[in-house]
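J.: What shape does this take:
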Amino acid sequence: MAEDSGNTKKTKDWLGRDVEEHFGDNGEPTGKTRFTKDWLGRPVQEHIDPAGKKIAETRKGTDAFGRDRAVHVNDKGEPIGFSRNEKDWLGRPVQRHVTNSGKPVGESGSGKPAFGYAPT
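T.: Numbering: from 1, shown residues only. Predicted coordinates:
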């Protein structure tokens with residue numbers, strides 16, 4: 001059974017691999033994320049546009065200090081950004097996203113309200 005989360009629907013492909021289908025605010029498909037492995041067996045997320053073309057991928061990597069991070073590369077294999085798992089000021093897990101030059105571009109978290117209720 002598929003799980004809906006915002007504008008993402010989790011499903012499986014015909015081989016039984018996990019796939020996330022992404023949709024815009026009007027319900028139109030905007031792309032997919034396929035969870036697969038590279039030729040060495042390491043986990044890779046492939047990002048696919050609505051036409052079915054692979055446009056980017058995310059691989060596990062480390063920074064200069066050896067800390068884990070996700071490396072985002074374009075369809076030519078060039079690094080375009082990074083993500084790191086951290087904690088917000090309440091200790092909840094968040095992912096911080098930065099460009100290849102280190103400029104912060106976003107943050108994603110659990111989506112749960114801070115004190116058990118939605119902000120007004």
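
J.: Now do the SS call for Ser108.
T.: strand (DSSP: H, G, I helix; E, B strand; the rest coil).

J.: Within its local environment, how many residues does the nearest residue in space to it that is not next to it in sequence see?
T.: Of all residues not flanking Ser108 in the chain, Gln95 sits nearest, at 4.8 Å (C-beta to C-beta, 6 or more residues apart in numbering). C-betas here are computed from N, CA, C, even on glycine. Under the neighbour criterion other C-beta atoms under 10 Å, Gln95 is assigned a count of 14.

J.: check contacts around Gln95.
T.: 70, 83-86, 107-109 (C-beta atoms under 8 Å, 6 or more residues apart in numbering).

J.: Pull the most distant pair out of the residues you listed.
T.: Comparing every pair within these by C-beta to C-beta identifies Ala70 and Gly109 as the most remote, at 15.2 Å.

J.: ok, back up a step: who wins for most neighbours among the contacts of Gln95?
T.: Counting by other C-beta under 10 Å, top hit in the contacts of Gln95: Ser83 with 18 neighbours.

J.: Figure out the helix or strand that that one lives in.
T.: Using DSSP states H and E, Ser83 maps to strand 79-87.

J.: What's the mean pLDDT across that strand?
T.: For strand 79-87, mean pLDDT is 90.

J.: What strands flank it, and is each parallel or antiparallel?
T.: strand 68-74 (antiparallel), strand 93-99 (antiparallel) (DSSP bridges).

J.: Distance to Val44 and mean pLDDT added to those, as a markdown table?
T.: Shown next, in a markdown table, are the strands paired with strand 79-87 (distance: least, C-beta to C-beta, whole Å; pLDDT from 0 to 100):
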| stretch | distance to Val44 | mean pLDDT |
| --- | --- | --- |
| strand 68-74 | 10 | 91 |
| strand 93-99 | 17 | 89 |
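
J.: okay, the ones you listed in JSON lines with distance to Arg34 next?
T.: Shown next, in JSON lines, are those (distance: least, C-beta to C-beta, whole Å):
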{"stretch": "strand 68-74", "distance to Arg34": "15"}
{"stretch": "strand 93-99", "distance to Arg34": "19"}
